[in-house]
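S.K.: Predicted structure and sequence below. I'll ask about it afterward.
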Amino acid sequence: MHFHEDDRAQRLFDAFPILPGQVNISYVNSTEHVVAWHRHEKQTDYWVCIKGSFKVGICNKVTEVVEWKYLSDKNPQTLEIPPGFWHGYMALEPGSIMLYYLDHKYDAEDEFRCRPGMFDEDWKTPWN
């Protein structure tokens with residue numbers, strides 16, 4: 001199990017190391033930081049909001065069209081992000097917590113990153 005903290009979130013990685021994939025938990029205290037964009041070629045992500053709420057951007061690498069999803073503890077659901085799709089998030093409430101399962105252990109060689117704004121997307125919420 002590993003812990004990492006930066007200005008975007010506090011993260012607990014590989015909470016159950018005996019699983020074939022990886023369970024991670026992110027505690028996000030700020031609503032001002034966008035954690036985006038990244039994609040994987042092999043890995044599928046499954047995201048669940050267990051506290052608070054998140055705005056999630058998902059972008060197909062071929063069409064480069066951003067689709068917005070909202071995860072909340074008030075409307076529990078699991079968001080599946082397949083390989084090849086750019087994705088990222090921002091918390092809509094301080095103290096939001098996301099639980100996410102990766103179907104493979106994290107592999108830095110399988111992660112590709114780019115910065116927010118790459119797809120001319122607008123991370124602002126209607127009330128900003």
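M.R.: Nice, thanks for sending it over.

S.K.: how about low-confidence regions in the chain?
M.R.: 1-17, 126-128 (pLDDT under 70).

S.K.: can you give me the strands for this structure?
M.R.: Listed in chain order, the strands of the chain (DSSP state E) span residues 2-5, 10-13, 22-28, 35-40, 45-51, 53-60, 66-72, 79-81, 85-91, 96-102, 111-113.

S.K.: So which of these is the most surrounded?
M.R.: strand 85-91 (a mean of 23; mean count of other C-beta atoms under 10 Å). Yep, even glycine has a C-beta here, placed from its N, CA and C like the rest.

S.K.: I'd like to know which elements that one is packed against.
M.R.: strand 35-40, strand 53-60 (3 or more C-beta pairs under 8 Å, 6 or more residues apart in numbering; DSSP states H and E).

S.K.: Could I have the CA atoms of it written out in PDB?
M.R.: Below are the C-alpha coordinates for strand 85-91, written out as PDB (Å, rounded to 0.1, in the frame of the first residue of the first chain):
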ATOM      1  CA  PHE A  85     -10.200   7.200 -23.600                       C
ATOM      2  CA  TRP A  86      -8.700  10.400 -22.100                       C
ATOM      3  CA  HIS A  87     -10.200  11.100 -18.700                       C
ATOM      4  CA  GLY A  88      -9.900  13.400 -15.700                       C
ATOM      5  CA  TYR A  89     -12.000  15.000 -13.000                       C
ATOM      6  CA  MET A  90     -12.500  17.900 -10.600                       C
ATOM      7  CA  ALA A  91     -14.200  17.800  -7.300                       C
END
